[in-house]
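Colleague: need a 3D model of the sequence below.
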Amino acid sequence: MEETGAPVIYEDFQLPWWAVVLEGIAALVIGVLLLTTPGITMVVIVQFLGILWLFGGVLALIGAVSIRENRGWNILSAVLGILAGIVILLYPIYAPFVLLTFLIIVLGIWGIVYGITRLVWAMQGGGVGTGVLGLLSLIFGVILIINPLIGAVTLPFIFGAFAIVGGIAAIVAGIRAK
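Modeller: Below you'll find the predicted structure:
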């Protein structure tokens, strides 16, 4: 990479250095907001998600009319996007909690499946480390399923910490690319 403003390469596309820095700054700001005012920040983020799903659903429905391939699935996807967007916009205070709780349940199920898989691998000679990670993942998944509210309350803080670290990394990568 050249020192004269060569673009930063992300897998299949390139971004100019300044776009990477802007992305990092945005992530850093969102991370700080999630750590300092998690409630309102999640409400705002989920509202943007609702608008995105609503307009995306409308556009997908328009596209489903003109494209014959997988029309049924495209219409179903469009209708679900429209409904999700409407529900989120109608219930702005409850939507973040419902969405986060749903995400936590999905993560809990994933943790249980992942944990069981790792435990089976450990029993088949995968090693003690694999077994310990599997057991921890299984316990984590069960805790999230039993009490998803714990995860829903802590998830914004986790997202905030990751956004800050990722934002700083993007800013550094963008400045280095310059």
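
Colleague: what's the spacing between the residue positioned nearest the centre of the chain and Trp18?
Modeller: For the chain, the residue sitting closest to the mean C-alpha position, by C-alpha atoms, centre = their mean, is Phe159 at 8.5 Å. Phe159 is 25 Å from Trp18, where distance means C-beta to C-beta, to the nearest Å. C-beta: built from backbone N, CA, C; applies to glycine.

Colleague: just Val142 next, same as before
Modeller: Distance of Val142 to Trp18, computed by C-beta to C-beta: 46 Å.

Colleague: and Ile51, by the same measure?
Modeller: 27 Å.

Colleague: quick one: pLDDT of Gly72?
Modeller: pLDDT, Gly72: 87.

Colleague: ugh, wrong one, I meant Val8
Modeller: 55.

Colleague: for Ile158, same thing?
Modeller: On pLDDT, Ile158 comes in at 87.

Colleague: sticking with it, tell me its helix or strand.
Modeller: helix 148-177 (DSSP states H and E).

Colleague: do the same with Leu34
Modeller: With DSSP H and E as the test, Leu34 turns up in helix 17-36.

Colleague: tell me the angle that helix makes with helix 148-177.
Modeller: Angle, helix 17-36 to helix 148-177, by axes from the mean of the first three to the mean of the last three C-alpha atoms, to 10 degrees: 150 degrees.

Colleague: tell me which strands and helices helix 17-36 is in contact with?
Modeller: Applying 3 or more C-beta pairs under 8 Å, 6 or more residues apart in numbering; DSSP states H and E, we find helix 17-36 packed against helix 38-66, helix 148-177.
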